[in-house]
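**Q** take this sequence and fold it.
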Amino acid sequence: MSIKGLDFLKVIPVEDLQLNPKIISKGSPSGNRYLKDLLKNIEININDSILDIGSAKGSALRMMLKFPFKNIDGLEISRELVEISNRNFQ
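**A** Next up is the predicted model:
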């Protein structure tokens, strides 16, 4: 499923990402209402930065952009997920 041509929701099996399923578990988009509620309830100012570790396709990063962080970045080990994330933010 995609929103306006973006790919945040389609689940890719861990094995298809060439990751070890004994170490990596299936992920799901975390840029949801729970993250939004969490970010609304903490004091964020223009000097704050945030790093999403395991950023996958970037759904949490997309949510974080709605808040006044100075810097927002993500870290992901899957090359395929990084490529999808890059396309999502073009």
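
**Q** show the pLDDT at the residue sitting nearest the centre point of the chain.
**A** Closest residue to the average C-alpha location of the chain: residue 58 at 2.9 Å, with C-alpha atoms, centre = their mean. Listed pLDDT for residue 58 reads 95.

**Q** hmm, it is touching residue 27, no?
**A** No: judged on C-beta atoms under 8 Å, residue 58 makes no contact with residue 27 at a distance of 11.9 Å. In short, each C-beta sits where N, CA and C put it, glycine included.

**Q** please list all residues in contact with the residue nearest to the centre of the chain.
**A** Applying C-beta atoms under 8 Å, 6 or more residues apart in numbering, we find residue 58 in contact with 8, 31, 74, 84-85, 88-89.

**Q** buried sites along the lengthiest helix in the chain?
**A** The helix that spans the most residues within the chain, counting by DSSP state H, is helix 79-88. For helix 79-88, a neighbour-count test (16 or more other C-beta atoms under 10 Å) marks 81-82, 84-85, 88 as buried.

**Q** show me the contact partners of stretch 65-82.
**A** Residues outside stretch 65-82 that contact it (C-beta under 8 Å, 6+ apart) are 12, 16-19, 36, 39, 44-58, 60-61, 64, 85.

**Q** give me the buried entries from these.
**A** Buried among those (16+ other C-beta under 10 Å): 12, 17, 19, 39, 50, 52, 55-58, 60-61, 64, 85.

**Q** strands - which of those land there?
**A** If you go by DSSP state E, the buried ones among the contacts of stretch 65-82 have 50, 52 in strands.
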